[in-house]
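Trainee: sharing a model that was predicted from the sequence below.
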Amino acid sequence: MELNGVAATIEQVKALALINYGHFTSMLVSDGGVRGLSLHLQRLKRDCRKLFGAELDTERVREYVRHALQGLDRPVTVRVTVYDPEMGLGTVGEDAQPQVLVTTREASLAEPAPWRLQAASYRRELPAVKHIGLFGAMHQRRQAQREGYDDVLFLNPDGTISEIATSNVGFIRDGQVIWPRSEWLPGTTMTLINQALEGPVSTESLTLSDLPSMEAAFATNAATGIRPVAAIDATEWPTGHTMLQQLRDVYEGIPAETV
């Protein structure tokens with residue numbers, strides 16, 4: 001755990017727990033490369049402007065990530081968190097000096113197991129920002145897991161589908177990838193797939209009543225890539241649909257960018 005390239009202290013990171021204001025991105029690093037690295041950096045820069053009104057030097061971010069990777073010879077998931085360690089609970093309106101915290105954890109390269117999702121009415125605050133305010137999403141995930149599901153699918157107040165707690169959700173129908181038309185976090189994996197696919201991709205306003213017309217469902221996340229979704233509530237799909245493997249092949253064929 002390094003703050004601006006130096007080992008972080010408890011005093012420096014306590015604002016993450018006590019103030020919980022900031023944003024982040026997570027990426028899978030293998031052999032010094034990241035699929036969609038430019039997208040991750042663009043996200044950090046965009047969200048820093050949104051939350052702090054400040055410009056983030058993404059080249060410095062890359063330097064910090066490279067430093068944190070020194071001595072690691074295995075795939076890892078790197079999380080880059082941008083926050084102000086000096087921010088106070090009663091002074092969040094003051095000018096901020098956002099800093100860069102880099103943490104790493106061992107990555108699993110095993111094929112992700114299919115998920116069973118429970119639908120719940122919930123909308124994240126600032127859905128387009130990958131912010132660190134995860135309490136609401138984690139509470140919904142916990143409720144779903146306590147009911148025997150793997151994760152939670154969020155529904156907007158009007159019943160339309162948006163996203164999974166920390167992933168995007170997509171569907172397959174008639175050989176086409178369908179994404180929900182909603183305000184959600186534009187995931188890097190989802191964006192890369194859209195850029196790489198040769199076939200048609202579309203967005204539609206979807207509700208639970210539309211799910212039986214879908215042939216398959218999947219989740220996308222930078223840490224796990226393409227994960228089959230076996231069920232949402234009582235609607236079930238086969239997880240061996242040929243397009244799911246095609247999507248995996250497309251994603252795995254995207255060249256990594258060197259950190």
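Mentor: Okay, I see it.
Trainee: show me the beta-bridge partners of Val100.
Mentor: Val82 (DSSP bridges).
Trainee: ok, it - contacts?
Mentor: Contact analysis of Val100 by CB atoms under 8 Å, 6 or more residues apart in numbering lists Leu3, Asn4, Leu56, Arg60, Val61, Tyr64, Val80, Thr81, Val82. In this view, the C-beta of every residue, glycine as well, is placed from N, C-alpha and C.
Trainee: out of those, list just those in helices.
Mentor: The helices, defined by DSSP state H, take in Arg60, Val61, Tyr64 from the contacts of Val100.
Trainee: adding pLDDT, neighbour count and distance to Gly88, write the contacts of Val100 out as CSV.
Mentor: What follows is these, written out as CSV (pLDDT from 0 to 100; neighbours: other CB atoms under 10 Å; distance: CB to CB, whole Å):
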residue, pLDDT, neighbour count, distance to Gly88
Leu3, 97, 19, 18
Asn4, 97, 15, 20
Leu56, 97, 20, 21
Arg60, 97, 12, 25
Val61, 98, 21, 25
Tyr64, 98, 21, 25
Val80, 98, 24, 23
Thr81, 98, 21, 18
Val82, 98, 24, 17
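Trainee: outline the domain layout of this protein.
Mentor: 2-106, 115-258 (automatic domain parsing).
Trainee: burial measure for Thr160, as a count.
Mentor: When neighbours are defined as other CB atoms under 10 Å, Thr160 has 18 of them.
Trainee: so it sits against Thr203, correct?
Mentor: No - using CB atoms under 8 Å, Thr160 makes no contact with Thr203, being 11.2 Å away.
Trainee: residues that sit against both of these two, list them.
Mentor: Pro180, Arg181.
Trainee: where along the chain do the helices fall?
Mentor: Using DSSP H, helices in the chain cover 10-18, 37-52, 58-69, 135-146, 188-196, 242-252.
Trainee: which residues touch the third one?
Mentor: Outside of helix 58-69, the residues that reach it under the criterion CB under 8 Å, 6+ apart are 2, 4-5, 29, 32, 41-42, 44-45, 76, 78, 80, 100, 102-104, 259.
Trainee: no further questions, thank you.
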